[in-house]
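Asker: Turn this into a model:
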Amino acid sequence: MNSDQSRRLDVRALLPLALGLYAEYGDKLSLATLADLKLRARRALTHDPMDSLLAMSLVGALLLHAAEKDHNPRCRTFLDALLFVTANQAVGFNGWLPVTDAGKAVGAFVQTFGPALSAAALSPPNAEGREQEERDINRAMLSRLDAILDVLRSRPAPSRQD
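Answerer: Numbering: from 1, shown residues only. From the prediction side, this is the model:
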């Protein structure tokens, strides 16, 4: 076995863990659970997009640096990893690629979700909740205007004196 093969993650080693988790929690796993997890993730990420982007930048850089620092000459420092992550968040591409499986997983995650988070970073916190609040206010105003219109229609028309 050469040194490149010894650095690769053998996913077969995770099989007993996966089977154990499935045996313990398999009856609780469902599409509804997955949908709930995705909904929670969306809410967490959209609650404050700038915080989410900053967290992804720092955590992604920490994970990438830990995975790549001894294997990739282009990722020797934390700053190298941070530049990789932030470039991938902004445009989904960078001039170098991770070489470890863990680094590739971090890179794939950042490339998948980073550009969307970057685009939303300047949105106000909890924009979804604010939009719902604005819709509720508009409905209340419309209801009140309808009530005023009903009162005006129920009154007799003023007589004209020429």
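
Asker: what about the residue positioned nearest the centre of the chain, helix or strand, and which?
Answerer: In the chain, the residue lying closest to the centroid (C-alpha atoms, centre = their mean) is L45, at 4.4 Å. According to DSSP states H and E, L45 maps onto helix 31-47.

Asker: Pull out the buried positions in that helix.
Answerer: By 16 or more other C-beta atoms under 10 Å, the buried positions in helix 31-47 come out as 45-46. No exception for glycine: its C-beta is placed from N, CA and C like everyone else's.

Asker: what packs against that helix?
Answerer: Contact analysis of helix 31-47 by 3 or more C-beta pairs under 8 Å, 6 or more residues apart in numbering; DSSP states H and E lists helix 49-68, helix 101-120, helix 127-154 as its packing neighbours.

Asker: Distance to R40, mean neighbour count and mean pLDDT added to those helices, as JSON lines?
Answerer: What follows is the helices and strands packed on helix 31-47, written out as JSON lines (distance: least, C-beta to C-beta, whole Å; neighbours: other C-beta atoms under 10 Å; pLDDT from 0 to 100):
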{"stretch": "helix 49-68", "distance to R40": "13", "mean neighbour count": "19", "mean pLDDT": "92"}
{"stretch": "helix 101-120", "distance to R40": "15", "mean neighbour count": "18", "mean pLDDT": "88"}
{"stretch": "helix 127-154", "distance to R40": "13", "mean neighbour count": "10", "mean pLDDT": "85"}
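
Asker: Between these, which one is closest to L34.
Answerer: helix 101-120 (16.8 Å; C-beta to C-beta).

Asker: what's the angle between that closest one and helix 31-47?
Answerer: 60 degrees (axes from the mean of the first three to the mean of the last three C-alpha atoms, to 10 degrees).

Asker: contact partners of helix 101-120?
Answerer: 8-9, 45-46, 49, 52-53, 56, 60, 63-64, 66-68, 71-72, 75, 84-85, 88-93, 97-98 (C-beta atoms under 8 Å, 6 or more residues apart in numbering).

Asker: can you count the residues close to the spatially closest residue to N72 that is not a sequence neighbour?
Answerer: Leaving aside its chain neighbours, N72 sits nearest to V99 (4.9 Å; criterion: C-beta to C-beta, 6 or more residues apart in numbering). Counted with other C-beta atoms under 10 Å, the neighbours of V99 add up to 16.

Asker: Am I right that P124 is in contact with E133?
Answerer: No - assessed by C-beta atoms under 8 Å, P124 is found out of contact with E133, at 11.8 Å.

Asker: Flag every buried residue along stretch 66-84.
Answerer: Buried-residue list, stretch 66-84, by 16+ other C-beta under 10 Å: 66-69, 72, 75, 80-84.
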